[in-house]
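1. Provided below are the primary sequence and the corresponding predicted coordinates.
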Amino acid sequence: MADWNPSLYLQYGAERTRPAAELLARVALNEVTDVLDLGCGPANSTALLHQRWPSAHIVGVDDSPAMLEQARVALPECQFIEANIQTYRPAHSVDLVYANASLQWISDHYELLPHLVSLLKMNGVLAIQMPDNRDEPSHVLMREVAYEQGFPDRSRDPLPGVHAYFDILTDAGCDVDIWRTTYYHKMSSHQAIVDWVSATGLRPWLQELSEHEQRNYLDRYLELLEQQYPLQENGQILLAFPRLFIVARREP
């Protein structure tokens, strides 16, 4: 897959960072020395961690060279490592494993989450936030356009769900807090929705397409968005964006 585009991703930086901050607010840790930020991207979430625990050793992990280049410039006080977050192991156990909007790209959470718990010290915390918008029109239409135009299904795997996550993490020895929030982002146009998802959810759909195929795909996608998302009285559009949050503390 082509590398991520940090500038496009940060076009909606405030909206993307808000759930990261709200996840962090629910992490009840005071004495923190070691933190992993898995899927750190351009360090917008890492900056929140550094602000809260400025003396902690914070390591951001991502497999995107472009994102990491941006992260190192933005936050030279922290360490950034290019690695697969599914298999990365720190040299020693950490107080917090933090994963903001990254684990939804990885399959088999039944194996992944116990692995992440194993990286924690006792009483350490695994904090996760994931988009849970696979059934929203923005993502249903990605699959519909691909089907219409004869392209393969490149959608993410469905998340296992609240009850499954609770069982996975309690079986791994954690006390679990889990909740779901739907944000309603104010978008200036239907094209703005395309710009938003082009930085994330649309990337797998467009990666193998020629420039001509991409243009046809996006034209049809925009047409269907206009049918599904009504204008508000002031001309804006409300983009519903559900997100799943999990805070799991590893119990002794």
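-> Structure's in. What do you need? Numbering: from 1, shown residues only.
2. and the longest helix along the chain, what other elements does it pack with?
-> Assignment by DSSP state H gives helix 211-228 as the longest helix of the chain. Contacts defined by 3 or more Cβ pairs under 8 Å, 6 or more residues apart in numbering; DSSP states H and E place helix 211-228 against helix 137-148, helix 190-198, helix 203-206. The C-beta positions use only the backbone N, C-alpha and C, and glycine is treated the same way.
3. Quick one: closest of those helices to Leu225.
-> Within these, the stretch nearest Leu225 is helix 190-198; the backing value is 4.7 Å (Cβ to Cβ).
4. Report the buried residues of the closest one.
-> Neighbour-count burial for helix 190-198, with 16 or more other Cβ atoms under 10 Å as criterion, is recorded at His190, Ala192, Ile193, Val194, Trp196, Val197, Ser198.
5. tell me the contacts of the second one?
-> So the one you mean is Ala192. Listed by Cβ atoms under 8 Å, 6 or more residues apart in numbering, the contact partners of Ala192 are Ile237.
6. circling back: among the helices and strands packed on helix 211-228, which is nearest Cys78?
-> helix 203-206 (25.4 Å).
7. Put the alpha carbons of that closest one into PDB.
-> What follows is helix 203-206, C-alpha atoms only, in PDB (Å, rounded to 0.1, in the frame of the first residue of the first chain):
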ATOM      1  CA  ARG A 203      -6.800   4.300   1.100                       C
ATOM      2  CA  PRO A 204      -7.200   0.500   0.600                       C
ATOM      3  CA  TRP A 205      -9.900   1.000  -2.000                       C
ATOM      4  CA  LEU A 206      -7.900   3.300  -4.200                       C
END
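8. chain center to that helix, what's the gap?
-> Its chain's C-alpha centre and that of helix 203-206 lie 16 Å apart, by Cα atoms, centre = their mean, to the nearest Å.
9. Mind giving me the packing neighbours of it?
-> helix 137-148, helix 211-228.
10. okay, those helices, which one's buried deepest?
-> Sort those by mean neighbour count, taking mean count of other Cβ atoms under 10 Å, and helix 137-148 sits at the top with a mean of 17.
11. model confidence over that helix, on average?
-> Taken as a whole, helix 137-148 carries a mean pLDDT of 97.
12. from the chain's centre, how far out does whichever helix or strand comes after it sit?
-> For helix 137-148, the succeeding helix or strand toward the C-terminus, using DSSP states H and E, is helix 162-171. On the basis of Cα atoms, centre = their mean, helix 162-171 sits 20 Å off its chain's mean C-alpha point.
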